[in-house]
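Participant: Quick check, what structure comes out for this input:
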Amino acid sequence: MYRPWKSCTVIPLLLFTMMAATNVRVVQAQTQRTSPAPTPPATAPTASDVQIPPPAERNPRYKIQRADVLELTFPLSTEFNQKVRVQPDGYISLQGAGSISVLGLTLPEVSQAIKNAYFRVLHEPIVDVNLVEFQRPYFIVTGQVGKPGQYDLRSEITVSEAIAIAGGFMPTAKTEVYLYHRDATGWVQARQLKLKDILHGKNVNEDAGMRPGDMIFVPEKTITKIRKYIPYSVGTSVYSSSY
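Facilitator: Down below sits the predicted model:
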């Protein structure tokens, strides 16, 4: 027997199923278009990507100090030739051009500063700057050495050579010394050096080089400090009782 209600029921169900499947595909397509692209995994920086800082300047130029004397020569305007001394505040007085600060500048920087000062007086001034009197490079050795004091740094020397110049180690000295250096920013750097191996021909490349203004401190042996407070009679009685 033919039952028309079954056909009426099956057809709507098929249409509903097809519409649901279509909606699912549309939602998936929209999700793929709106989702962000996957982020590639981070890779480690290579050696070429790392910025290596430039090495420190090995031989820095001399910087003007207080009480230095400068000789200024003007080849085209000899009437402005003069000698000037750096004042305690770091300024120099220029003939006809006022005062400028030169403390801490190198000679090329001083020359440019003087040219800038004379631009108001001369047309394209030419000036030669010569350092006549200056603070000589020095180093200081203090503590348990034969001749503690300040010495001229006339050549490239090491810490062990500086101690030898200062008279060498005293019998009461430790071979672990301290090297103090003041950098350009004004901070003092302290470094401990063990010279025992260096003095015996080992690790000689670890002997630090001296720079202008460095100070070496040679401390006293601990046993020497203790002996100051032990009476000699105690040592004598112990020595005598051993026989």
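Participant: Give me the nearest residue to A113, chain neighbours excluded.
Facilitator: For A113, ignoring the flanking residues on the chain, the nearest one in space by CB to CB, 6 or more residues apart in numbering is I100 at 5.4 Å. Placement of C-beta: from N, CA and C, glycine included.
Participant: From A190, how far off is the one you found?
Facilitator: Taking CB to CB, to the nearest Å as the measure, I100 and A190 are separated by 36 Å.
Participant: so the residue nearest to A113 makes contact with L94?
Facilitator: Yes - the pair formed by I100 and L94 meets the contact definition of CB atoms under 8 Å, at 6.7 Å.
Participant: joint contacts of the two?
Facilitator: Common contacts of I100 and L94 (CB atoms under 8 Å, 6 or more residues apart in numbering): 114, 117.
Participant: residues touching Q144, list them.
Facilitator: With CB under 8 Å, 6+ apart as the criterion, the residues that contact Q144 are 169-170, 172-174, 218-221.
Participant: List buried members of those by neighbour count.
Facilitator: Buried members of the contacts of Q144, scored by 16 or more other CB atoms under 10 Å, are 169, 173-174, 218-219.
Participant: Which ones among those residues map onto strands?
Facilitator: With DSSP state E as the criterion, strands contain V218 from among these.
Participant: Need the buried ones among the contacts of Q144 in a markdown table (columns: distance to V204 and pLDDT).
Facilitator: As requested, the buried ones among the contacts of Q144 are arranged in a markdown table below (distance: CB to CB, whole Å; pLDDT from 0 to 100):
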| residue | distance to V204 | pLDDT |
| --- | --- | --- |
| F169 | 17 | 95 |
| A173 | 20 | 94 |
| K174 | 19 | 93 |
| V218 | 19 | 96 |
| P219 | 22 | 95 |
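Participant: P88: which of the buried ones among the contacts of Q144 is nearest?
Facilitator: For these, the closest approach to P88 (CB to CB) belongs to V218, at 33.4 Å.
Participant: how close does the closest one get to F134?
Facilitator: According to CB to CB, V218 stands 29 Å off from F134.
Participant: circling back: ok, I100 and A190, which is more surrounded?
Facilitator: Taking neighbours as other CB atoms under 10 Å, I100 and A190 compare with I100 leading, 17 against 10.
Participant: buried set for the host helix or strand of the more buried one?
Facilitator: Element membership for I100 (DSSP states H and E) is strand 98-101. Applying a neighbour-count criterion of 16+ other CB under 10 Å, one finds I100 buried in strand 98-101.
Participant: mean confidence score for the helix or strand following it?
Facilitator: The element immediately downstream of strand 98-101 (helix or strand, assigned by DSSP H and E) is helix 107-118. Mean pLDDT, taken over the full extent of helix 107-118, equals 96.
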